[in-house]
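[1] can't give you the sequence, but here's the structure:
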């Protein structure tokens, strides 16, 4: 299974990219900001797919230990880019959030770089520490404090979803690295409580929470998206209305080409095709975990687990939001939703997994056995 995991992973990602392009072609013509061009979003997304493929190939060919040696550089770049979101005329305020920086016609979401930089740091930090439980400062407090820097900047953008995503991914990597589960559980509970308190102090986020708890009372404002998404699911049924025949994308469901593209898949292609999308994400998760577990060293293991967690959690949150299982978070569906920054970051992550796979396959068996023996000896 491991020998074929990279090929299966690539086919699953390719399938999601094809579905994304097809559904974007079906939905984007009705978007308010299409500038009168029905192919506006298709052309831009195709460009980002090309850039993402180039970066995916680069990450697959570049030795992943390069990111271990240079994690500090990418972490500093991510912090600098996140700070630029607060600079007037550079940081763009859209829908009440400062999540983008604009360079002429090009816009970029620095939080995507922040996610990858956080994974690089954690994987590099714990790769040098086989037993993080031994020292609570270096094995828990210090790395968590460093990760809180980009998380705090993202939180200041009023992006609670991405903040929670960075925190959850960090906890997964730290758990795999061997950090005490009691420490992680206590901080996770405190962090979740803090996010809820902050959300109650922000009117827009409080509206989303209220709409999630009482959707019928907010179906015309804060709960509009999720109510229209449920209508789309109900209209599609098992077989769907047919590709291009969906009605919710016709300005009934806001952002049908970005965060809420999954319900349009259900409306036009039916439940069977929606479950196929979920299955492809499960395939990516399983193959990614398989690759990470067969990494040649500890850094590869932690890096692979971080990438898989990032993709899995983001997909789970988006699917949960669009099926009204979670409050609205504003996270796109990886590989399918329109959005260049997220697509490029996800493709880069897939390239990292392919590189970890390639390094694990080409390593001589005797080296692997010696490495495993050394790990077991150190633990004993």
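    All right, it came through fine. This structure is a prediction, so every number in the text was calculated from the model and none was measured.
[2] For the rest of this, base every contact and every neighbour count on C-alpha atoms.
    Noted.
[3] And the helices in the stretch 251-380 of the chain?
    Listed from the start of the chain, the stretch 251-380 of the chain has helices (DSSP state H, counting those that start in this stretch) covering 261-293, 298-322, 340-362, 365-379.
[4] what would the ones you listed look like in JSON lines with mean pLDDT?
    Listed next are those as JSON lines, based on pLDDT from 0 to 100:
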{"stretch": "helix 261-293", "mean pLDDT": "95"}
{"stretch": "helix 298-322", "mean pLDDT": "95"}
{"stretch": "helix 340-362", "mean pLDDT": "92"}
{"stretch": "helix 365-379", "mean pLDDT": "42"}
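[5] Could you dump those into a markdown table with distance to residue 242 added?
    Listed next are the helices of the stretch 251-380 of the chain as a markdown table, based on distance: least, Cα to Cα, whole Å:
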| stretch | distance to residue 242 |
| --- | --- |
| helix 261-293 | 5 |
| helix 298-322 | 20 |
| helix 340-362 | 26 |
| helix 365-379 | 51 |
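[6] Could you dump these into a markdown table and include mean neighbour count and distance to residue 227?
    Formatted as a markdown table, those follow (neighbours: other Cα atoms under 10 Å; distance: least, Cα to Cα, whole Å):
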| stretch | mean neighbour count | distance to residue 227 |
| --- | --- | --- |
| helix 261-293 | 22 | 11 |
| helix 298-322 | 23 | 9 |
| helix 340-362 | 23 | 26 |
| helix 365-379 | 11 | 52 |
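[7] Nearest to residue 157, out of those helices?
    Closest approach to residue 157 among these is made by helix 340-362 (16.2 Å; Cα to Cα).
[8] Contacts for the closest one, please.
    Helix 340-362 has contacts (Cα atoms under 8 Å, 6 or more residues apart in numbering) with 3, 6, 45, 48-49, 51-53, 55-64, 108-109, 112-113, 116, 288, 291-292, 294-296, 300, 304, 307, 311, 332, 334-335.
[9] which of these are buried?
    By neighbour count, with 16 or more other Cα atoms under 10 Å, those hold 6, 45, 48-49, 51-53, 55-57, 59-61, 64, 108-109, 112-113, 116, 288, 291-292, 294-296, 300, 304, 307, 311, 332, 334-335 as buried.
[10] Keep only those of the residues you listed that are in strands.
    Among these, the members found in strands (DSSP state E) are residue 108.
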